[in-house]
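[1] Based on what follows, work out the 3D shape:
(chains A and B)
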Amino acid sequence: MSRRPYVQEVSRTAWFFKRPRYMRYMAREVTCIFIGIYTLILLVGLARLSESQVDYEAFLAALRQPSSILFHVLALAFSLYNSFTWFNVAPKALPIQIGEEFMPDSVVAGGHYLIWVALSLFILYWAGVFGS
Amino acid sequence: MSDNRLEVRQVELEILRYNPETDEEPRFQTYTVPCVNEWCVLDALNHLKDNLDPTLAFRWSCHMQVCGSCGMMINGEPKLACKAMLRDYEGMIRIEPLAHFPIERDLVSVADDFMAKLKRVKPYLIPGQPRTLEEGEYKQTPEQLQRYRKYAMCINCMLCYAACPEYGLTPKFIGPAAISLAHRYNQDSRDGGRDERQEEIATTEGVWECTFVGACSDVCPKHVDPASALQQVKVASTVDWYLEHFMSWVKK
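    This next block holds a predicted model:
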């Protein structure tokens, strides 16, 4: 008797609808598109700044459009989601063993959050948000 | 506490059947099986095979979550049939062979691909400093044991492959269990085979095919946490790359 295994096909375009955890994964991945677009806008701003003041003023005016503000609010929300999901899984990539024990995940993830807050405060301070 | 553990109830099982001699493709067959409340799905399958339909094919051996043979999809989730308790399910239970693997017959999957990958990653001790019999055993501190212990718990049940969408989409991916076992030996203080294993796992078909969905760790019945092993291999491989390209004077 010869073998005749049946090959189970996986849908290339709809596989992530099959399980909630696949959807959560795709949500995490899709958020990076918004972060990517935000980065491009930032680069365009730098290019305008290097060209002339008039160009830069026009760029700033474009940023004040309601559609631009809506995009930035969305991008902020998605980048927060992206950061949270990655910080929460960071302990898997960076286990810290002390003697026979491993540091609790909350300490490793918490360290990421602390550094994140500290860096954000530093940048805000540097950008003059807290006044001179 | 009302004790209904020994109560018998009728459980409907919807089982994917495939007979390679007669079927072109698999089809579902529904059975009503009298089950004791405290049974697991494997007990129900055994009762079904012994009393209702002897033609049903499925693998099992230990009935105690050690052999890793009875992996199957239960209501769409990869589970060991001996660990899936009937009391946790309501209504009809859908049972299919492991996703992503070819079906040999009924609930029996073709494991050849996984076995070949397991062999490739050399999941055994390659002593760094071979010792003669007279020199005695290879000693290890509890601390050194702890470093890899979690990854040594793998029972090769392949549930992680059935959960991993990357493996489903790209079958040449070496996959969670095999890479975790390679990592287990790489982390072992007695081992010296890391370079040989990195040839296989620090590659596109190896860890770099993984996009950290994390499903493997969710379904692992032995809490091996394969996702953590793969991310650690990624970190270590990246460090290797930088050392090799920018700091080649540093001896590993």
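[2] Shouldn't B:Arg9 be within a strand?
    Yes - checked against DSSP: H, G, I helix; E, B strand; the rest coil, B:Arg9 lies within a strand.
[3] now the strands for the chain?
    If you meant another chain, say so; for now it's chain A. According to DSSP state E, chain A carries its strands in the segments A:97-98, A:101-102.
[4] look at chain B instead
    According to DSSP E, the strands that chain B contains are B:8-17, B:27-36, B:71-74, B:77-80, B:93-96, B:103-105, B:108-109.
[5] Give the partner strands of the third one in its sheet and their orientations.
    Same thing as strand B:71-74. strand B:77-80 (antiparallel), strand B:93-96 (antiparallel) (DSSP bridges).
[6] how about the residues of chain A that lie near chain B?
    A:1, A:3-8, A:10, A:12, A:15-16, A:18-19, A:21-22, A:25, A:29, A:89, A:91-95, A:97, A:99-102 (C-beta under 8 Å from any C-beta of the partner chain). C-betas here are computed from N, CA, C, even on glycine.
[7] Report the mean per-residue pLDDT for the lengthiest helix in chain A.
    When chain A is parsed with DSSP state H, its longest helix is helix A:20-51. What helix A:20-51 shows for mean pLDDT is 95.
[8] in it, what's buried?
    A:Arg21, A:Tyr22, A:Tyr25, A:Arg28, A:Thr31, A:Phe34, A:Tyr38, A:Ile41, A:Gly45, A:Arg48 (16 or more other C-beta atoms under 10 Å in any protein chain shown).
[9] Setting aside sequence neighbours, what's the nearest residue to the fifth one?
    Spelled out, it's A:Thr31. Of all residues not flanking A:Thr31 in the chain, A:Phe78 sits nearest, at 3.9 Å (C-beta to C-beta, 6 or more residues apart in numbering or on different chains).
[10] ok, now the first one?
    Spatial nearest neighbour of A:Arg21, chain neighbours left out: B:Ala215 (5.6 Å); criterion: C-beta to C-beta, 6+ apart.
[11] Distance-wise, check the one you found relative to B:Arg197.
    24 Å (C-beta to C-beta, to the nearest Å).
[12] So between those two, which is more surrounded?
    Using other C-beta atoms under 10 Å in any protein chain shown as the criterion, B:Ala215 and B:Arg197 rank with B:Ala215 on top: 26 against 23.
[13] Residue 35: what's it in contact with?
    I went with chain A, as the question did not name one. A:Ala75, A:Phe78, A:Ser79, A:Asn82 (C-beta atoms under 8 Å, 6 or more residues apart in numbering or on different chains).
[14] meant chain B, my bad for not saying
    Applying C-beta under 8 Å, 6+ apart, the residues near B:Cys35 are B:Val8, B:Arg9, B:Gln10, B:Val11, B:Asp43, B:Ala44, B:His47, B:Leu86.
[15] Report how many residues lie close to the closest residue to the last one other than its chain neighbours.
    This means B:Leu86. Counting by C-beta to C-beta, 6+ apart, B:Trp39 is the residue found nearest to B:Leu86 once chain neighbours are left out, at 5.1 Å. Using other C-beta under 10 Å, B:Trp39 has 20 neighbouring residues.
[16] Quick check: B:Trp39 touching B:Ala84?
    No - B:Trp39 is not in contact with B:Ala84 according to C-beta atoms under 8 Å; the separation is 10.1 Å.
[17] B:Gly192: neighbouring residues, count only.
    14.
[18] roughly how far apart are B:Ile174 and chain A?
    Look at B:Ile174 and chain A: by C-beta to the nearest C-beta, to the nearest Å, they are 18 Å apart.
[19] tell me which parts of the stretch 1-150 of chain B are close to chain A?
    So the stretch 1-150 of chain B meets chain A at B:18, B:20-21, B:23, B:25-26, B:76-77, B:97, B:99-104, B:110, B:142-143, B:146-147 (C-beta under 8 Å from any C-beta).
[20] now do 7 Å
    Residues of the stretch 1-150 of chain B lying close to chain A by C-beta under 7 Å from any C-beta of the partner chain are B:18, B:20, B:25-26, B:76, B:99-100, B:102-104, B:110, B:142-143, B:146-147.
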